[in-house]
Structures are given as C-alpha cells and as structure tokens.
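Colleague: What shape does this take:
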Amino acid sequence: MPIENMSAGELELIVPNLHRRYSGVTATNRMVAPLLAGMFRAAWLGSHRPDGIAAMGFFDLLRLWRRATPLIWHARRNDEMIAGLLLRALGWPLKLVFTSAAQRHHTWLTRWLIRNMDAIIATSPLSASYLKRDATVVMHGVDTDRYAPPADRAAAFAESGLPGRYAIGCFGRVRAQKGSDVFVDAMCALLPRYPDFTAVIVGAVVPEQQGFANELKQRIAAAGLTSRIIITGELPIEDVVRWYQRLTIYAFTSRNEGFGLTLIEAMSAGAALVAARAGAAEFVVEDGVTGVLTLPGDAVALAAALEPLMRDVAAAEAMGERARARVVDKFSLDAEARAIAAVYRSLI
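Modeller: Numbering: from 1, shown residues only. Model (predicted):
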C-alpha cells in the first residue's frame, strides 16, 4: 500500500535508512524489509528503498506526531537511534529497536543509546556478548531463491568470457578490512599451478581506496596474472548474483566483519567456501563440512585451505551442495524475518 493511502493510525513499522552511501548494513536492511512489510504495515524512511515497502518522506513522519498507538522504529546505526530517541522525546509514540552487528566493545555513546532502546537484536552470539544488556540473537538470512545455484555452472562461467574452466571469487569493497590483498597474494601463489582457474574480485573501488587498489593491480601485473585476476568494480545486484553462480569456490577474507553476508550468499549459490574466522563465520560454517575456516589476514593459510579444493573440483562441488543445504535449512531470509517479527510483536 502506498504511504499516501495509509492512514496515520494504520502504520506499524518505520524502517529508517539515514545513510546515503550504500553499505552492508543497507544491503541486509533492504533484503529483509519487504518481507517485514508483508507482516506489518511498514514504510521506509531514507535512501535506497527496495521494492515491496512503501516510501515515507519527512512530511509523512509529521502526520504521526502524538498518535495514540505505538509503532516500531528499527534502527541499525547510531544516528538512527539518536533520531528515534529525539522523535520520541518530542511526542512520536515510538518503540525503539536496534540491531547490533559489531564484534567489539562499544563507545560510551553507543552504550548509552543501546540502554535506551526498547529491544536489542544481535546478529550473532559473539555480537551479543559485547552488549551490556539482554539481546535476541537473529542471524542474517539470504533469499535462497534469488541466490540459487545455476542449472549449469560450467555454462554460467563460460558466459563470462574469462579464461579457464572454473572461477574462484572474493566479493566486497576493495580494501584491507575486506582482505582483498590477502586474496590477491593467495591467488598469485596458486593460479600458476592451476591454469583452469580464474580469480574474480567483485566490488567497488571507492576513491579513498584507489591507492590500495592500484597496489594490488601492480602485484597482479608483476605476477603475470592480469588476465586471470579480475577486479570488476561496482556492479548492479543482478550481475553480482550471476557472478556468485559462476563460482566454484568462494573465499571470505575479511579481517573483521559485523556478520559477513557474502558468506551465506556464496553458500546459497552452491559455492565451496574457505572463510576467515571473522564476522559470523564460526557460527555459519561447519568446518570441514560446509566450508573450511582459516586465520584472518594470513595469505599462506588461505592458500593452504584453498588448494585442496582447487586440486579436487568434485570435492569442491560436493562441499558447495552441502553449503547450499545448510543455508536453506538455517539461514533463509524468511527465518530472519519471522524472528525479527517476534521481537516487534513483543513490543506492540
């Protein structure tokens, strides 16, 4: 229902997204919000609104001042918590929910904001352990229909026009925090021995990281692998999904992460997984079954974990099938939405 056709008394949920820059937080918010809008009368306030949820402007927000019944304000960043507290103090009847993905001790400001929320959701048990109050653990989910294995992975890879027969990928913004350099170093060591593989980094190079990206390109050129280690730059989401479907192996190389959504996206698409012990990897991956866990920031350890899968593609494919089954069973977007909805219902 369009927001203009919804009375002020009908709305139950506001999903704020007050950052203009697209990020992992925005991506996870965009995926689950339409499902929540199917359970509650909901509106999206801010940029990057997905299909399936009504758009709300600030004039629409004014109509909700001093209404009789409460509604949920679900924040995912400090500024959204601050906005929710200010609105409530000025007369908006908000129940405040915050999702915390951080795996570190919070600043005094964040701790104070969290204490003033009505409910807290943590994206993993580790994130919950850093909070100084009770939280409901709701791990992220993925649209398992959208991120589905291809009918023919070989044909999907051939469509890319890249050399070789198999792809190994690492997705995310090109920067040290994501371990892009760790992936490049491991590929420079392995690809000369495995000519059937091409490596792909799918992710944006933001201006402040251009120097870092240029250094990686120099390493790739020095290794003579310019045609076999590809940095795609930022792509539309539809193209990102296609790249997942082209992969035989996925390398999750983050040094630190809130959750690491690419983990479950790659697993859902049926890729074998080697994952650094960052974000939610230890809660998502069954080591040696649905993936292999390794040390963050260690290119030698990454290469050692990847090489058996590159050597035995059939074993990699079997691991990818098990990874897909685990995501369908434990990390679907529907399961995430239902768990979040239960938190909302406890408040309203």
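Colleague: Contact partners for the spatially most central residue of the chain?
Modeller: Using C-alpha atoms, centre = their mean, the residue of the chain that lies closest to the mean C-alpha position is residue 261, 2.7 Å off. Applying C-beta atoms under 8 Å, 6 or more residues apart in numbering, we find residue 261 in contact with 24, 27-28, 140, 142. All C-beta spots, glycine's among them, are computed from the backbone N, C-alpha and C.
Colleague: Just want the phi and psi numbers for residue 80.
Modeller: phi -70, psi -30 (degrees, to the nearest 10).
Colleague: re the thing from before, got the contacts of residue 261 as a markdown table, with neighbour count, distance to residue 228 and pLDDT columns?
Modeller: As requested, the contacts of residue 261 are exported to a markdown table (neighbours: other C-beta atoms under 10 Å; distance: C-beta to C-beta, whole Å; pLDDT from 0 to 100):
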| residue | neighbour count | distance to residue 228 | pLDDT |
| --- | --- | --- | --- |
| 24 | 18 | 28 | 79 |
| 27 | 16 | 28 | 86 |
| 28 | 22 | 32 | 89 |
| 140 | 27 | 32 | 94 |
| 142 | 25 | 29 | 95 |
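Colleague: Among these, which pair sits farthest apart?
Modeller: In the contacts of residue 261, two members sit farther apart than any others by C-beta to C-beta. They are 24 and 142, at 12.8 Å.
Colleague: roughly how far apart are the residue lying closest to residue 22 once chain neighbours are set aside and residue 260?
Modeller: Excluding its sequence neighbours, the residue lying closest to residue 22 (C-beta to C-beta, 6 or more residues apart in numbering) is residue 48, at 6.0 Å. To residue 260, residue 48 is 20 Å away according to C-beta to C-beta, to the nearest Å.
Colleague: Over to residue 248?
Modeller: 20 Å.
Colleague: and what of residue 121?
Modeller: Distance from residue 121 to residue 260, by C-beta to C-beta: 17 Å.
Colleague: Ok, residue 133 next?
Modeller: Distance of residue 133 to residue 260, computed by C-beta to C-beta: 24 Å.
Colleague: next one: residue 327
Modeller: Taken as C-beta to C-beta, the span from residue 327 to residue 260 is 13 Å.
Colleague: Could you give the number of residues near the residue lying closest to residue 128 once chain neighbours are set aside?
Modeller: Closest residue to residue 128 apart from its sequence neighbours, by C-beta to C-beta, 6+ apart: residue 122 at 3.7 Å. Number of residues near residue 122 (other C-beta atoms under 10 Å) recorded here: 24.
Colleague: Residue 309 now?
Modeller: There are 24 residues near residue 309, going by other C-beta under 10 Å.
Colleague: same thing with residue 36?
Modeller: Around residue 36 there are 23 residues (other C-beta under 10 Å).
Colleague: Wait, a helix at it?
Modeller: Yes: according to DSSP: H, G, I helix; E, B strand; the rest coil, residue 36 belongs to a helix.
Colleague: Break this protein down into its domains, please.
Modeller: Domain ranges of the chain: 3-141+332-347, 153-330, per automatic domain parsing.
Colleague: For the stretch 201-348 of the chain, which segments count as helices?
Modeller: Along the stretch 201-348 of the chain, counting by DSSP state H, counting those that start in this stretch, helices occupy 210-222, 237-246, 261-268, 281-284, 299-311, 313-330, 333-347.
Colleague: re earlier: with neighbour numbers in mind, choose between residue 133 and residue 260.
Modeller: The neighbour count for residue 133 versus residue 260, taken as other C-beta under 10 Å, is higher for residue 260 (25 against 11).
Colleague: With adjacent residues omitted, what lies nearest to that one?
Modeller: That would be residue 279: by C-beta to C-beta, 6+ apart, it lies 3.3 Å from residue 260.
Colleague: So the one you found is in contact with residue 258, correct?
Modeller: Yes: proximity of residue 279 to residue 258 meets the contact threshold set by C-beta atoms under 8 Å, at 6.2 Å.
Colleague: So for the two, which residue has more residues nearby?
Modeller: More crowded of residue 279 and residue 258, by other C-beta under 10 Å: residue 279, with 28 against 22.
Colleague: Could you report the separation of that one from residue 206?
Modeller: Where residue 206 is concerned, residue 279 sits at a distance of 20 Å (C-beta to C-beta).
Colleague: can you check residue 305 too?
Modeller: 29 Å.
Colleague: Mind checking which of those two has more residues around it?
Modeller: residue 305 (21 against 14).
Colleague: who touches residue 12 in this structure?
Modeller: Here residue 12 is in contact with 40-42, 71-72, 344, 348 (C-beta under 8 Å, 6+ apart).
Colleague: any chance of these in CSV, with pLDDT and secondary structure too?
Modeller: Shown next, in CSV, are the contacts of residue 12 (pLDDT from 0 to 100; DSSP: H, G, I helix; E, B strand; the rest coil):
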residue, pLDDT, secondary structure
40, 96, coil
41, 96, coil
42, 97, strand
71, 96, strand
72, 98, strand
344, 98, helix
348, 88, coil
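Colleague: Compare these and tell me which has the most neighbours.
Modeller: Result: residue 42 is most packed of these (other C-beta under 10 Å), 27 neighbours.
Colleague: bridging residues for it?
Modeller: residue 13 (DSSP bridges).
Colleague: So it sits against residue 14, correct?
Modeller: Yes: contact between residue 42 and residue 14 holds when scored by C-beta under 8 Å: they sit 7.4 Å apart.
Colleague: Now do the same for the residue nearest to residue 128: its pLDDT.
Modeller: Looking at residue 122, its pLDDT reads 96.
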